[in-house]
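> Give me a 3D structure for the following:
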Amino acid sequence: MSSVRTAPVPAAAASPLPGRGSLTPTQRRLGRDWRLAALFLAPTAVLVGGLVLVPIARSVFTSTTERHGPDSVFVGLDNYIALAGDEQFRTGVENSFVFTAYAEVFKVVLGLAAALLLHHRRRGRAVLAGLLLLPWVVPTVVTAFSWRSLLDPIFGSVNALLTESGIGPLLAGAHLVDSWPAGWLSDPSLAMPSVILVNVWKGVPFFTVTFLAGLKAIPADLYEAATIDGASSLRRFVHVTLPGLRHVITVTVTLSSIWTFNNFDLIWLLTQGGPGDATAPYVLVAYSKAILQLQYGAGAAVTLVMLPVIGGLVFVLVRSMRRDAGAAPRRPAGKLRKARPWVIAGAVALLLLWASPQIFWKAAVVLGGILLIALAVGRVVSALPTRGHRRASSLVSNLGSGVALAGLLAFGLGPLYWIAVTAFKSEDQIVMHYSDLWPTPWTLQQFTDLFANQPFGRWYVNTIVVSLASTTVALVCAALAGYALARLRFRGAQGFTVTVLLTYVMPGALLFIPLYQLLIGVRLTDSLWSLVLTYPTFTLPFATWLLTGYFSSIPVELEEAALVDGCSRIQAFRRVMLPLAKPGLLAVALFTLTNAWNEFLFAFVFITKDEYKTLPVGMQSMIAGDVVPQGQLAAASLLVSIPVVLMYAFGQRFLTDGLTAGAVKG
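As a prediction, this is how the structure comes out:
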């Protein structure tokens with residue numbers, strides 16, 4: 001989970017060092033601490049520059065070339081011009097837009113609903129929040145295989161449960177599905193809504209946590225004043241809650257949109273872009289051209305032509321973060337600024353109606369149903385006290401929130417429960433489709449078959465080695481760079497921080513093609529070193545960003561006391577700052593470790609040999625055409641998820657401390 005607020009670059013501590021008059025000319029020009037800053041920032045600068053900035057620059061050059069046999073020929077803008085008439089590319093861009101827009105709408109609605117329900121709950125909030133967070137914690141490969149099993153038209157439980165309850169035929173009668181039983185991932189009209197549903201399931205916990213933090217920051221006296229003025233619960237929500245969450249919503253949606261728009265692993269694991277090109281995103285088009293067809297120039301052009309879209313989202317993200325951190329004063333909201341969100345929403349709705357009319361009205365029906373139920377319950381709860389029925393109002397409110405929370409928990413935990421019980425079923429139980437909800441008898445057959453038929457143990461060891469190595473690299477480099485950016489005075493500190501933030505939000509879709517070329521050039525493909533070397537591209541920027549804020553939160557006086565006692569800067573960093581930053585370091589270690597544990601795109605592109613595959617790629621390779629070993633995949637998913645869940649469970653306290661100090665400083 002990543003924080004949605006950023007720490008501004010703090011002024012360096014006023015330490016007992018020589019004043020400005022005693023500085024050398026070089027120190028006046030480059031900053032008092034430029035030598036130490038250069039030493040501390042060098043590892044991060046080398047990794048970020050060599051693995052992010054240089055590859056992107058190389059990708060720009062590659063996009064102007066075309067491969068003719070073993071040679072690359074300069075073709076100028078021909079690759080970009082060819083995209084204008086490329087039907088596959090247009091379909092990929094359209095699919096990415098549709099996938100992102102619908103997913104973000106439902107994540108906002110469901111995440112806000114879950115946050116409100118938890119915010120008003122006094123007992124069991126932490127436990128419920130932890131349970132709702134599980135879908136976000138489990139690896140993406142587990143998410144994909146659990147939903148792929150549930151949505152299977154023959155062996156999955158979704159069709160069976162909907163048929164037995166009568167909901168399935170009702171959906172067909174309302175034309176929400178074309179026929180029953182439904183082929184959720186094989187029907188071109190249902191594949192995209194199904195993929196969107198899985199992404200929403202995966203992303204709602206992140207929205208819930210960030211919105212819950214935003215709700216806690218809204219002053220209670222605003223609600224009290226609105227209640228005294230006679231405002232209903234709906235008016236309090238519209239005029240107090242939504243304005244109070246405006247910047248949190250903006251940052252969260254923008255950050256999530258960047259991730260979703262560039263999603264590859266979830267879609268590939270669910271549908272591989274099919275049926276046909278019904279769910280293929282633009283990243284899959286780039287992968288097909290560059291990796292499968294070996295046309296690096298065409299593939300690079302596909303990713304770079306999307307750079308303005310990503311750049312626009314990054315601009316909104318950085319601007320919102322700076323405003324949230326107090327870097328810019330808030331201007332009064334005029335009529336145009338108030339109308340801007342509605343204009344943007346209307347434009348997006350029209351684009352969705354044009355791009356996906358079949359999905360649009362189905363989504364409108366589902367979303368409208370959710371909102372109507374919420375409004376009806378809210379109106380009843382607000383009306384009863386005015387008629388002297390306060391106890392009835394409280395009963396309806398508690399009943400409504402209980403039912404809603406139960407529904408959210410069932411939605412969030414249902415697929416995980418399915419994976420857990422399927423892992424302990426016999427092959428006959430899975431094939432014959434009996435004892436779905438409770439294995440009879442429980443058996444370890446799937447686990448023994450998994451280790452007997454697949455090199456699962458080797459994949460596990462590979463994943464542990466790569467995750468620990470890349471986490472160590474990211475943690476050491478981020479600790480040095482974070483301290484330098486938080487405490488040292490040198491020219492270019494703010495520019496370096498902005499560069500780190502930009503590389504953090506840059507998607508892997510922009511990097512995998514030039515990095516693949518780089519690894520081929522140094523002959524590091526099909527080796528664990530290729531992953532250890534490239535994983536810091538997405539772990540190091542976030543780690544540096546978070547630790548910069550955390551080091552800034554440590555009182556300056558503690559470091560000054562160490563300097564007065566004769567410690568050098570390096571000794572103060574090692575003996576004072578690092579021990580005090582332990583919660584932040586543990587939070588960073590937890591995030592980088594789980595991100596490396598779950599990573600799919602780089603491992604999928606860079607590794608082809610079984611002996612070097614990591615768990616996500618190895619599990620994907622277990623599927624051979626239409627043959628899906630559901631029981632073995634369930635057992636593998638359980639074994640992959642347990643370490644991550646345990647790490648978050650035991651590291652929750654350090655996680656909270658690290659994020660709170662690292663994200664809210666300033």
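
> which stretches of the stretch 51-200 of the chain form helices?
Counting by DSSP state H, counting those that start in this stretch, the stretch 51-200 of the chain has these helices, from start to end: 54-62, 78-83, 87-119, 125-137, 140-150, 157-165, 167-173, 188-217.

> buried set for the first one?
Yep, that's helix 54-62 we're talking about. For helix 54-62, burial by neighbour count (16 or more other Cβ atoms under 10 Å) applies to 55-56, 58-59, 62. Yep, even glycine has a C-beta here, placed from its N, CA and C like the rest.

> again, but for the longest one
Residues 88-89, 91-118 are the ones in helix 87-119 that count as buried (16+ other Cβ under 10 Å).

> For the stretch 501-650 of the chain, give me the ranges with low pLDDT.
505, 626 (pLDDT under 70).

> Low-confidence stretches in the stretch 201-350 of the chain?
In the stretch 201-350 of the chain (pLDDT under 70), the answer is 317-338.

> same deal with the stretch 351-500 of the chain?
Within the stretch 351-500 of the chain, the stretches with pLDDT under 70 are 377-390, 392-393.

> quick revisit: I'd like the helices of the stretch 51-200 of the chain as JSON lines, with distance to Leu255 appended.
Compiled in JSON lines, the helices of the stretch 51-200 of the chain are given as follows (distance: least, Cβ to Cβ, whole Å):
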{"stretch": "helix 54-62", "distance to Leu255": "20"}
{"stretch": "helix 78-83", "distance to Leu255": "27"}
{"stretch": "helix 87-119", "distance to Leu255": "11"}
{"stretch": "helix 125-137", "distance to Leu255": "14"}
{"stretch": "helix 140-150", "distance to Leu255": "17"}
{"stretch": "helix 157-165", "distance to Leu255": "30"}
{"stretch": "helix 167-173", "distance to Leu255": "33"}
{"stretch": "helix 188-217", "distance to Leu255": "9"}
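
> So which of those is nearest Gln295?
For the helices of the stretch 51-200 of the chain, proximity to Gln295 was assessed by Cβ to Cβ; helix 78-83 is nearest, at 8.4 Å.

> Check which helices and strands that closest one is in contact with.
The elements that helix 78-83 packs onto, with contact taken as 3 or more Cβ pairs under 8 Å, 6 or more residues apart in numbering; DSSP states H and E, are helix 296-305.

> Report the buried residues of the helix it packs on.
Judged by neighbour count (16+ other Cβ under 10 Å), helix 296-305 contains these buried residues: 296-305.

> And Ile373, how far from Ala345?
According to Cβ to Cβ, to the nearest Å, Ile373 and Ala345 sit 21 Å apart.

> for Trp354, that is, sorry about that
15 Å.

> ok, now Val105?
Here the criterion is Cβ to Cβ. By it, Val105 lies 9 Å from Ala345.

> With Gly521 instead?
The spacing between Gly521 and Ala345, counted by Cβ to Cβ, is 46 Å.

> tell me the secondary structure for the closest residue to Lys425 other than its chain neighbours?
Closest residue to Lys425 apart from its sequence neighbours, by Cβ to Cβ, 6 or more residues apart in numbering: Pro439 at 4.6 Å. State at Pro439, reduced to three classes by DSSP: H, G, I helix; E, B strand; the rest coil: coil.

> contacting residues for Pro439?
By Cβ atoms under 8 Å, 6 or more residues apart in numbering, the contact list for Pro439 reads 421, 424-426, 429.

> And those, which two are furthest apart?
Val421 and Ser426 (11.9 Å).

> Helices of the stretch 401-550 of the chain, residue ranges please.
Applying DSSP H, counting those that start in this stretch to the stretch 401-550 of the chain gives helices spanning 427-432, 445-453, 456-487, 493-505, 512-521, 528-534, 536-553.

> Just the residues contacting stretch 448-465, thanks.
So stretch 448-465 is contacted by 528, 597, 610-615, 617-619, 622, 629, 631-632, 635-636, 639 (Cβ under 8 Å, 6+ apart).

> Please repeat the previous calculation with a cut-off of 6 Å.
Outside stretch 448-465, the residues within contact range by Cβ atoms under 6 Å, 6 or more residues apart in numbering are 610, 613-615, 618, 632, 635-636.

> How far away from the center of its chain is that stretch?
27 Å (Cα atoms, centre = their mean, to the nearest Å).

> now swap in stretch 283-300 and tell me
Mean-position distance between stretch 283-300 and its chain equals 24 Å (Cα atoms, centre = their mean).

> For it, buried residues please.
So for stretch 283-300, counting by 16+ other Cβ under 10 Å, buried means 283-291, 295-300.

> farthest-separated two in those residues?
Greatest spacing in the buried residues of stretch 283-300, by Cβ to Cβ: Leu284 and Gly297 (17.7 Å).

> Quick one: neighbours of Phe650, just the number.
Residues contacting Phe650 under the criterion other Cβ atoms under 10 Å number 11.

> gap between the nearest residue in space to Ala38 that is not next to it in sequence and Ala37?
With Cβ to Cβ, 6+ apart as the criterion, Ala38 has its nearest non-adjacent residue at 7.7 Å, and that residue is Phe490. The gap separating Phe490 from Ala37 is 4 Å, by Cβ to Cβ.

> likewise Val48?
Using Cβ to Cβ, we find Val48 at a distance of 15 Å from Ala37.

> do Leu151 as well
Following Cβ to Cβ, the distance that separates Leu151 from Ala37 is 53 Å.

> residue contacts, the closest residue to Val302 other than its chain neighbours?
Among residues not flanking Val302 along the chain, Ala286 sits closest, at 4.0 Å (Cβ to Cβ, 6+ apart). Residues near Ala286 by Cβ under 6 Å, 6+ apart: 299, 302-303.
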